[in-house]
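S.K.: here is a sequence together with a model predicted from it:
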Amino acid sequence: MGGQIFVLSAPSGAGKSTIADALMKRVEGMAYSVSHTSRPPRGRERNGVDYHFVNRHTFKEMIKKKAFLEWAEVHDHFYGTAFDTVDSRMTSGVDILMDVDVQGGRNIKERFSDAVLIFILPPSLETLETRLKGRGTDDRKVIQKRMAQASEEIRNCSWYDYIIINDDLEKAFMEAQSIILSSRCRSERRMNWVSAHFEWVNPSSH
């Protein structure tokens, strides 16, 4: 049974990274796809752990070489998922968790129709703005830009497979975990195992 892609998308400040961290710690059989970015590290972010940090020239060279499964320019910085961070793990049966924007999510769905897309919503835009201000990492102009981007991203959430409202972090995590675990039990993901253990069952008939 091959692995599956699970995509998390959300406006900046909606709690996506915190939920992703919890999923990686508490759900077995998951691998986190570390994205490339041209932006500088923030706070305690580590190269190769949080992101692969590269300069704009290197990122553009990777685009030319078609090294990315998906990429986008967000808030004046490039972000992208390299093919080689995904293919080998999925082949070995490991599920991949991706943290990408809505543009990246759409691109992944076009390439992998069985990818599961999950959108994390804040309870309100006012709550989102309060969270962004509380981080203390962005000035007023950057926060305004992030809020404008958030409105645009929320407009596109309707074509995601699932929507989670993060008004309670533990509840939001449990909902995301339930989506992943239930997806693993879908018949199309289990039929190879079923046919190996119950040889009279024909997977092609399902």
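M.R.: Nice, thanks for sending it over.
S.K.: centre of the chain to the worst-scoring helix or strand of the chain on mean pLDDT, how far?
M.R.: Using mean pLDDT, DSSP states H and E, helix 187-197 stands out as the lowest-scoring helix or strand of the chain, at a mean of 73. Distance of helix 187-197 from its chain centroid, counting by CA atoms, centre = their mean, to the nearest Å, is 27 Å.
S.K.: likewise for stretch 89-103?
M.R.: 7 Å.
S.K.: with stretch 12-23 instead?
M.R.: 10 Å.
S.K.: domain parsing for the protein?
M.R.: Annotated domains of the chain cover 5-33+94-205, 34-85 [automatic domain parsing].
S.K.: what residues sit buried inside stretch 62-69?
M.R.: Residues 62, 67-69 are the ones in stretch 62-69 that count as buried (16 or more other CB atoms under 10 Å). Using the backbone N, CA and C atoms, a C-beta is placed for each residue, glycine as well.
S.K.: what's next to it, contact-wise?
M.R.: 36, 54, 71, 80-84, 86, 107-108, 111 (CB atoms under 8 Å, 6 or more residues apart in numbering).
S.K.: how about those in a markdown table, adding neighbour count?
M.R.: Output for these, formatted as a markdown table (neighbours: other CB atoms under 10 Å):
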| residue | neighbour count |
| --- | --- |
| H36 | 20 |
| V54 | 18 |
| W71 | 22 |
| G80 | 23 |
| T81 | 26 |
| A82 | 18 |
| F83 | 13 |
| D84 | 10 |
| V86 | 21 |
| N107 | 19 |
| I108 | 23 |
| R111 | 12 |
